[in-house]
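J.: Task: produce atomic coordinates for the following.
(2 chains)
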Amino acid sequence: MEPSEHDAGLAAIRGYLAQLGAELAECDAALRHDALIDAESHLRAAVRSGASPERAIDEYGSPEEVARAYRAADVAPSPWRGEPSGAPAASAAHPEALAAVADEERWPPAAVCRTPEERAAAATQRAEYRDARDRRTIAAGESVEFVVESDFEPAKAVVDPDVRTLMLNRKLAESDVAGITQATSPTSAR
Amino acid sequence: MPPRLADKLERDLSVGTAWLVVLAAIAGAEDPIHGYEIGRRLADEAPEGLSFKQGTLYPMLRAMESDGLVRSTLVPSTEGPARKCFVLTPEGRRVLAAWADTWRRTSRWVNRIVGGLDGTK
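T.: Sure thing, here's the model as predicted:
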């Protein structure tokens, strides 16, 4: 069966996303993930509005220039990372979840999703991921210390583990865990 | 005119005004606005000969969100990934008001100086 015009358009977009992903291969996974989602969402919207995939891609910019723009705008790491007593990047005015997490990444590595199944897999958290939580209200610039008990050895602390509000630059929402003490069982993380 | 000077003013102005016009485009939308619609609006209103690559809009929005000027929300879509839509934060509105005032004062000053030239002297 001959591929339809729609299929050819999707193939062009997939090819573009693959090139953009390759251009950002050395970048932070969260930045690469955001860049690919931004591009796919934009190009689909353009095609839905009647633009040809080729025109939509041309107006969006070459993978090289778009990747260059992402790298140039990438935000420097927050000074509080690894220093729990420093100023946090969080600025939530409402109760925010805090968690100690095991070392495994919560989500699979960013990848170009071509099918609904691949997209569903990308949105399913890894089975190895574990966390133990507390809940606080953090004012802008405020530093908080929290203690949670876990039945695993925590490796890092994160703000907003469900990624409800802090979706970009997830590394800014992480901190090292200090003062780990092991009780008989479970362990406590401060 | 040397080639490097041909579009120097246009490039410098683009760099200096990009954040201002993007913030203004978001402020002018009634609902949270998707990056595609921001890009379309900027492209539709752009003067002849001035173009920009719409893919460069998203890193700008990412930096604006990091600076607390805009906030994004994900709107589910049946035809692909959820659409990330943007609104101004209160801080974004304050910054936009201040920058718009700066722009108006600057453009009045430039018009007073440049507007009197007839280009023949």
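
J.: And the strands in chain A?
T.: A:95-101, A:131-137, A:148-150, A:156-159, A:174-176, A:181-182, A:187-189 (DSSP state E).

J.: Can you tell me the strand partners of the fourth one and which way each runs?
T.: Right, strand A:156-159. Strand pairing for strand A:156-159, using DSSP bridges, gives strand A:95-101 (antiparallel), strand A:174-176 (antiparallel).

J.: looking at these, which is buried most?
T.: Neighbour counts (mean count of other C-beta atoms under 10 Å in any protein chain shown) averaged over each of the strands paired with strand A:156-159 peak at strand A:95-101, with a mean of 21. To be clear about C-beta, it is placed using only N, CA and C from the backbone, and glycine gets the same treatment.

J.: that older thread, mind putting the strands of chain A in CSV, distance to B:Gly39 and mean pLDDT included?
T.: Output for the strands of chain A, formatted as CSV (distance: least, C-beta to C-beta, whole Å; pLDDT from 0 to 100):
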stretch, distance to B:Gly39, mean pLDDT
strand A:95-101, 32, 69
strand A:131-137, 36, 76
strand A:148-150, 43, 74
strand A:156-159, 31, 78
strand A:174-176, 32, 72
strand A:181-182, 52, 60
strand A:187-189, 44, 41
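
J.: ok, now which ones touch the one residue in chain A that gets nearest to chain B?
T.: Nearest residue of chain A to chain B: A:Gly61, at 3.0 Å (C-beta to the nearest C-beta). Going by C-beta atoms under 8 Å, 6 or more residues apart in numbering or on different chains, A:Gly61 touches A:69, B:53-56.

J.: Can you give me every residue that contacts residue 26?
T.: You didn't pick a chain, so chain A it is. By C-beta under 8 Å, 6+ apart, A:Glu26 has no neighbours at all.

J.: please go with chain B instead
T.: Applying C-beta under 8 Å, 6+ apart to B:Ile26 gives the contacts B:33, B:38, B:70, B:86-88, B:92.

J.: if we can go back for a sec, for the contacts of A:Gly61, which one is nearest B:Ala25?
T.: The nearest member of the contacts of A:Gly61 to B:Ala25, counting by C-beta to C-beta, is B:Gln54 at 12.2 Å.

J.: quick one: secondary structure of the closest residue to the closest one other than its chain neighbours?
T.: Using C-beta to C-beta, 6 or more residues apart in numbering or on different chains and skipping the chain neighbours, the partner closest in space to B:Gln54 is B:Gly39 (3.8 Å). Under DSSP: H, G, I helix; E, B strand; the rest coil, B:Gly39 falls in the helix class.

J.: Quick check, B:Leu61 in contact with B:Val87.
T.: No: assessed by C-beta atoms under 8 Å, B:Leu61 is found out of contact with B:Val87, at 11.4 Å.

J.: Helices along the chain, start to end?
T.: No chain specified, so I'll use chain A. Along chain A, the stretches classed as helices by DSSP state H are A:5-23, A:29-48, A:53-60, A:63-73, A:116-122.

J.: Sorry, I should have been clearer: chain B.
T.: Going by DSSP H, chain B shows helices at B:3-6, B:8-27, B:35-45, B:57-66, B:90-114.

J.: So for A:Phe152, which of the ones you listed sits nearest?
T.: Comparing those under C-beta to C-beta, the one sitting nearest is helix B:57-66, at 31.2 Å.
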